[in-house]
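Chemist: Need coordinates for the below:
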Amino acid sequence: MDLTFLVRGLAIGFAVASAVGPISVLTIRRTLAHGRGYGLASGLGVALADACYGGIAAFGLTAVTSVLVGVREPIALVGGAFFVLLGIRTIRARPAGTAADATDRPGLFAAFVSIYGLTMTNPMTILSFALVFAGIGLAGHGGPEAALVTIGVFAGSSLWWLGLTTVVAVLRSRVTQAGLTWVNRASGVLLVAFGIVAILVAFGAA
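Modeler: Numbers count the residues shown, from 1 in each chain. Take a look at the predicted model:
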């Protein structure tokens, strides 16, 4: 068994996860609003989605990959619209910080599942793994090598989110309620912008 496949998968997972996008903005905002545990649960949801797409590419499921790439426009439209709505809601949200806020927030499992679904409908995730795996010759190996790559992708992505949420959580204690209000507004604007770009891509305007 060639463990270099594990290392290569880890590097790919870390690199793809570190790309700035709407998922990164949402995870950072969740960490600032609700703490490291909530942010990390979200990050692990992203890592699982990354591993799913990495596994599809690594195991050579070309039919599935072709379908996903082929429907990226409608996926981009749905995902973009959701990010726009989420961004507007985030702009209007009041900062979390009271005991009631902590009680009313969705649980860790809900955070995990919701962001997993968002990542699976993010067209950039689909294209990133399809292009990266094809470009470096990791697609279609199958067997133990593909399994190692998939595990590596999950580990690499998880490592990124562990580090990011830890850093953000440390900074969280220095952010005031007024600061969190501006974080919500800035995050919301970025989510709306990412959503609009995705919609424009879906209509072939970008």
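
Chemist: Going by C-alpha atoms from here, please, whenever you check contacts or count neighbours.
Modeler: Noted.

Chemist: which residue ranges form the helices in this protein?
Modeler: Along the chain, the stretches classed as helices by DSSP state H are 4-18, 22-34, 36-58, 62-70, 72-92, 99-104, 108-120, 123-135, 143-172, 177-202.

Chemist: List the buried residues in the longest one.
Modeler: When neighbours are counted by 16 or more other CA atoms under 10 Å, the buried residues of helix 143-172 are found to be 145-162, 164-166, 168-169, 172.

Chemist: Mean confidence (pLDDT) on that helix, please.
Modeler: Across helix 143-172, pLDDT averages out at 91.

Chemist: before we move on, what about the third one?
Modeler: Model confidence over helix 36-58 averages 90 on the pLDDT scale.

Chemist: now for it, which elements pack on it?
Modeler: Counting contacts by 3 or more CA pairs under 8 Å, 6 or more residues apart in numbering; DSSP states H and E, helix 36-58 packs against helix 4-18, helix 22-34, helix 62-70, helix 108-120, helix 123-135, helix 143-172.

Chemist: helices and strands of the protein: which one has the lowest mean pLDDT?
Modeler: When the helices and strands of the chain are scored by mean pLDDT, DSSP states H and E, helix 99-104 comes last with a mean of 44.

Chemist: you'd agree L190 is up against G87?
Modeler: Yes: here L190 lies in contact with G87, judged by CA atoms under 8 Å, at a distance of 7.3 Å.

Chemist: Who has more neighbours out of the two?
Modeler: Neighbour count, other CA atoms under 10 Å: between L190 and G87, G87 has more, with 26 against 20.

Chemist: Quick check: the more buried one vs N184, distance?
Modeler: Counting by CA to CA, to the nearest Å, the separation of G87 from N184 is 9 Å.

Chemist: And for R94?
Modeler: For R94, the distance to N184 - CA to CA - is 8 Å.

Chemist: More neighbours: the two, which one.
Modeler: Remark: of R94 and N184, N184 carries more neighbours, 26 against 17, as counted by other CA under 10 Å.

Chemist: you'd agree the more buried one is up against I88?
Modeler: No: with contacts counted by CA under 8 Å, N184 stays clear of I88, the gap being 9.8 Å.

Chemist: Could you look over the helices of the chain and pick the most buried one?
Modeler: helix 36-58 (a mean of 26; mean count of other CA atoms under 10 Å).

Chemist: Perfect, that will be all.
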